[in-house]
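Chemist: give the three-dimensional model of this entry:
(chains A and B)
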Amino acid sequence: MPSIQNPPKIKTMGNLDIQNLKVSFHTREGIVHAVDGVDLSIKPGEIIGLVGESGSGKSVTCNSILQLLPTPPARIEAGKIEWSGKDLLRQHDEKIRGIRGKEISMIFQDPMSCLNPYLSVLDQVAEPLVIHGMASPKDARKQACEMLARVGVQRVVDHPHAYPHEFSGGMRQRAMIAMALVTQPSLLLADEPTTALDVTVQAKVLNILKELCTDLGVSVLFVSHDLGLVAELADRVVVMYRGKVVEQNDTRSIFSNPQHSYVKALIACRPTLESNPVRLPTVDDFMNPKTGKGQALKKLESPSLNLDSQETLLEVQDLVVEFPTEDGPVRAVDGASLIIRKGSTHGLVGESGSGKTTLGRSILQLTKANSGKILYQGNTISLENIQDRTRFRKSMQIIFQDPYASLNPRLTVEQALLEPMKVHGLGKSRKDRIDRVVKLLEEVGLGEEYLHRYPHEFSGGQRQRICVARALTTEPEFIVCDECVSAMDVSVQAQVLNLLRSLQTSRNLTYLFISHDLGVVKFMSDEISVMQNGKIVENGLAEDLYRNPKSSYTHKLIDSIPLANRSSDFRL
Amino acid sequence: MSVEKSSSLGRDAWLRLRANRMAMISLFILIGITTVSFIGPLISPYAYDQQNLDRVFEGPGKDHIFGTDNLGRDLFARTTYGGRISLAVGLLATLVSLVIGVSYGMFSGYTGGRVDAWMMRAVDVLYALPFTIFVILLMVMFGRNFLLLFLAIGAVEWLTMARITRAQTMNLKRSEFVEAARALGYSHGRILFRHILPNLIGPIIIYATLTVPAVMLLEAVLSFLGLGVQAPMSSWGSLIKEGAEKMDAAPWLLFFPGMFFCLSLFALNFLGDGLRDALDPKSSKD
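Modeler: Here you go, the predicted model:
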């Protein structure tokens, strides 16, 4: 690796001190106190993990450091952010611009939209140096080149005119890191920098980030929703909940001896690869210990289903699905075969572009397969005549990733749930159907009072419950869960996963559970298939697959998972 | 938000519309203008085509509250009479374009593939036809007829409507709730009318409120070419055009029809905005 020419400068500053920061958002619906009295300090060279779920105020805290909050609606109510003797909150635009990218840099979540598609990557990485007058354009490009080589974007060195679209998401995020560090700032703000990446890529990017920051002596504020991930690189962890810091301690102590019940919950409610509980503990169990029963159940091993005695419900044979593109057809699914047994959960795990979603959709005949067979209870599925189609649609359902997009915004919960019953002629009268809807809502943990609300009035977790209820209206046998908890916070995820599990037992459902998250898949599934590039590379019982993975790809997947997320008894 | 009784989208929408002050004012203005247009010619002591060559170019006064034109015709009678025609042309032609455009666009977008490609090429061909030639053709074939005017204008305006609807339908078709509806075994008709159409309401209303004034102006152009409304009949469009020619000598000839025209357009736009918000369940309930 070529080294940066100028030696690491001695940091004279780099002490960030946030005191009693209060930020509120003034919206039409009222005032939201997003950050409510946060104290946080970062010493030079320190890596701090700022962890919290959505709405906890972690990103708002991070963005207020460089005055990147939109004002209005945001308003800084009180507090101080001290940086080398200056209060950043009270600096003028011009002063702040001089600090942005020079003393304090930032990396954002979505690498796909952070680079300007009309400028070459090299020019963009060099730009901060030029803007801050730290180098001539020619020198800047040279330094940028070196930095890009250091983060492993070798391509730019060979092709200086490469544009962002020529790079994958992981490479773009590396370029972003190079761009943030090229000016050798004292502090790097990283807001969920690896959340949009696949696990294997995430592991690599994280390594580079950690190495480089340690080398250059840059302190980092690493914002993430994933406590396990933060444990990989942070010296100290700060946990936020509802706008407040609930706990901060060094990483080791947070995991070995969490104090606040929310932090305990956060550590416990993520499904890990090692343990095999029947039910995940939820935040409620910890916050209201009287009603909670999670801890008591935590150690219970789930009884494993005797799969051999179960009959086959669905069989996929040599399925091929192609999508036409301008450069000829692309094979999304390339000869996949699998067997799903009645009453079991079959996990399908893979990274983006592996074809797992397409496979799920073609089983439901939402996407047409080019060749191959799908046998349901031993019969091929035909949608030709209406009777067959209705029967088939009734017995198979799907739950999507984004519950908001999968509910018609113009139908109330009642209307959305009544409709499938009407279409399939279930229930004797309207009254009978409404009774069923109410029962279903109760089954998924929502009350009758929600009947006349529209989807936008619910939280994400509640919406997914509605989607689950809707999928159950036709009393199906088989449900495809397509990344159905991927967009959720761990605490909500735990609740939805528990719900799916208990419904499986009470209704004898069969699931095809599709996810990129091996931990979640392992918690849910009896059998797991691993997909890569449209092919199923490994197939086996969940426990076996994790204990001795046969394919190198499965190995890689498991190794990429942060240590803390593999075992709940994680100790540093 | 507390527990509430079952209420239809229509009732919710009306409640929300009532809370929107601009929309309600606009609604009353529109009702007022419509009423005046329909009652005006009846209560006016002068007929819209009654000439009085002794009293030409008379400013607004006691006898003629809006004044008179170059032939001594009463402007109030002419403006209100013209209002009937302009409003009728505007609303009916928009309705025609809505019905044709939305159904064509929805069908094309939902079906997709080759059918969609051909249907859209047909739209392109119609776009390419010069509007005036198209109307002249219609007039030659069917003779000059007031109803034909609606048809002709509607037949041109639906093209854009169809394109907008098609694009929106294609987006919605790929949305997960439509996919969920397919997975639940709903028929195509149900998906189209219950799941796609209601979600098209926003853009449709916005475009419709833009179509009404465009149609009224088109009518004026047609009249100018001798294809639309002919003197002594009047419409706002033709009155404004006449008034603009005599603006120096008799500004009231421009002012009154212009005022009616502008007021109704403003009102229509505000009402359209209000309707769109009211019909959207996402806007806040109170």
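Chemist: so residue A:24 sits in a strand?
Modeler: Yes: note on residue A:24: a strand contains this position according to DSSP: H, G, I helix; E, B strand; the rest coil.
Chemist: so for it, what's the pLDDT?
Modeler: Note for residue A:24: predicted pLDDT of 88.
Chemist: that one against residue A:32, yeah?
Modeler: Yes: look at residue A:24 against residue A:32 with C-beta atoms under 8 Å: they come within range, at 6.3 Å. Every C-beta, even on glycine, is put in place using the N, C-alpha and C of the backbone.
Chemist: and these two? which has more neighbours close in?
Modeler: residue A:24 (19 against 16; other C-beta atoms under 10 Å in any protein chain shown).
Chemist: and the gap between the more buried one and residue A:64?
Modeler: Here the distance between residue A:24 and residue A:64 works out to 11 Å (C-beta to C-beta, to the nearest Å).
Chemist: equivalent analysis for residue A:44, please.
Modeler: Taking C-beta to C-beta as the measure, residue A:44 falls 21 Å from residue A:64.
Chemist: now do residue A:424
Modeler: Counting by C-beta to C-beta, the separation of residue A:424 from residue A:64 is 52 Å.
Chemist: next one: residue A:380
Modeler: Counting by C-beta to C-beta, the gap between residue A:380 and residue A:64 amounts to 59 Å.
Chemist: neighbour count: the two, which is higher?
Modeler: For residue A:380 versus residue A:64, neighbours defined as other C-beta under 10 Å are more numerous around residue A:64 (25 against 8).
Chemist: overlap of the contact sets of residue A:24 and residue A:64?
Modeler: By the contact definition C-beta atoms under 8 Å, 6 or more residues apart in numbering or on different chains, residue A:24 and residue A:64 are jointly contacted by residue A:74.
Chemist: can you tell me the closest non-neighbouring residue to residue B:123?
Modeler: On the basis of C-beta to C-beta, 6 or more residues apart in numbering or on different chains, the spatially nearest residue to residue B:123 that is not a chain neighbour turns out to be residue B:159, at 5.4 Å.
Chemist: secondary structure class of the nearest residue to residue A:400 once chain neighbours are set aside, three-state.
Modeler: Nearest-residue entry for residue A:400: residue A:406, 4.2 Å, with adjacent residues in sequence omitted and distances by C-beta to C-beta, 6+ apart. Assigned state for residue A:406: coil (three-state reduction, three-state DSSP).
Chemist: over to the one 5 residues further on?
Modeler: Reduced to three states with three-state DSSP, the structure at residue A:411 is coil.
Chemist: who's in contact with residue A:442?
Modeler: When contacts are counted by C-beta under 8 Å, 6+ apart, residue A:442 is found next to residue A:448.
Chemist: so it sits in a helix?
Modeler: Yes: for residue A:442, which was evaluated using three-state DSSP, the result is membership in a helix.
Chemist: just to revisit the earlier point, compute the number of surrounding residues for the residue nearest to residue A:400.
Modeler: 27.
Chemist: for residue A:232, same thing?
Modeler: Residue A:232: 19 neighbours (other C-beta under 10 Å).
Chemist: please, which helix or strand holds it?
Modeler: Here residue A:232 is covered by helix A:227-233, with elements defined by DSSP states H and E.
Chemist: what is the least confident helix or strand in the chain?
Modeler: You didn't say which chain, so I picked chain A. Of all the helices and strands that make up chain A, the one with the lowest confidence by mean pLDDT, DSSP states H and E is helix A:294-297; it has a mean of 44.
Chemist: that's the wrong chain, I wanted chain B
Modeler: Ranked by mean pLDDT, DSSP H and E, the weakest helix or strand in chain B is helix B:131-142, scoring a mean of 75.
Chemist: any low-confidence regions in chain A?
Modeler: Low-confidence segments of chain A (pLDDT under 70): A:1-14, A:288-308, A:567-572.
Chemist: so how far is residue A:485 from the residue of the stretch 51-200 of chain B found nearest chain A?
Modeler: When C-beta to the nearest C-beta is the measure, the stretch 51-200 of chain B has its nearest residue to chain A at residue B:185, with 2.8 Å between them. Residue B:185 sits 25 Å away from residue A:485, taking C-beta to C-beta as the criterion.
Chemist: so what's residue A:182 closest to, chain neighbours aside?
Modeler: Leaving out its chain neighbours, residue A:182 is closest to residue A:147 (C-beta to C-beta, 6+ apart), at 4.6 Å.
Chemist: one step back: ok, now which ones touch the residue nearest to residue A:400?
Modeler: Contacts for residue A:406 (C-beta under 8 Å, 6+ apart) come out as A:399, A:400, A:467, B:176, B:177, B:179, B:180.
Chemist: wait, the fourth one sits on residue A:400?
Modeler: Read it as residue B:176. Yes: with the criterion set as C-beta under 8 Å, residue B:176 and residue A:400 qualify as a contacting pair; they are 4.7 Å apart.
Chemist: what about those two, which has more around it?
Modeler: A direct count of neighbours by other C-beta under 10 Å for residue B:176 and residue A:400 places residue A:400 higher, at 25 against 20.
Chemist: which SSE is the residue of chain A found nearest chain B in?
Modeler: Using C-beta to the nearest C-beta, the closest approach of chain A to chain B is made by residue A:393 at 2.8 Å. If you go by DSSP H and E, residue A:393 is part of helix A:386-395.
Chemist: check what contacts that helix and list those residues.
Modeler: A:365, A:376, A:381-383, A:424, A:474-478, B:183-185.
Chemist: neighbour-wise, give me the winner out of those residues.
Modeler: Looking at these with neighbours defined as other C-beta under 10 Å, the largest count falls to residue B:183 at 27 neighbours.
Chemist: ok, what's across the strand from the closest residue to that residue other than its chain neighbours?
Modeler: Counting by C-beta to C-beta, 6+ apart, the nearest residue to residue B:183 once its immediate chain neighbours are dropped is residue A:398, at 4.8 Å. Beta-bridge pairing for residue A:398 (DSSP bridges): residue A:480.
Chemist: one more: residue A:42?
Modeler: With DSSP bridges as the criterion, residue A:42 is bridged to residue A:16.
Chemist: who's in contact with it?
Modeler: With contacts defined as C-beta under 8 Å, 6+ apart, residue A:42 is in contact with A:14, A:15, A:16, A:17, A:48, A:187, A:219, A:221.
Chemist: repeat that for 6 Å
Modeler: Neighbour list for residue A:42: A:16, A:48, A:219 [criterion: C-beta atoms under 6 Å, 6 or more residues apart in numbering or on different chains].
Chemist: can you put those in TSV and add neighbour count?
Modeler: Written out in TSV, the entries for the contacts of residue A:42 read as follows (neighbours: other C-beta atoms under 10 Å in any protein chain shown):
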residue	neighbour count
A:16	24
A:48	23
A:219	23
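Chemist: can I assume residue B:271 sits in a helix?
Modeler: Yes: remark: residue B:271 belongs to a helix, assigned using three-state DSSP.
Chemist: which non-adjacent residue is nearest it?
Modeler: Using C-beta to C-beta, 6+ apart and skipping residues adjacent in sequence, the residue nearest residue B:271 is residue B:26, 4.4 Å away.
Chemist: with residue B:253 instead?
Modeler: Leaving out its chain neighbours, the residue that sits closest to residue B:253 by C-beta to C-beta, 6+ apart is residue B:243, at 3.7 Å.
Chemist: isn't the one you found right next to residue B:254, touching?
Modeler: Yes: with contacts counted by C-beta atoms under 6 Å, residue B:243 reaches residue B:254, the gap being 3.3 Å.
Chemist: look at those two and report which has more neighbours.
Modeler: Taking other C-beta under 10 Å, residue B:243 and residue B:254 do not tie; residue B:243 has more neighbours (21 against 18).
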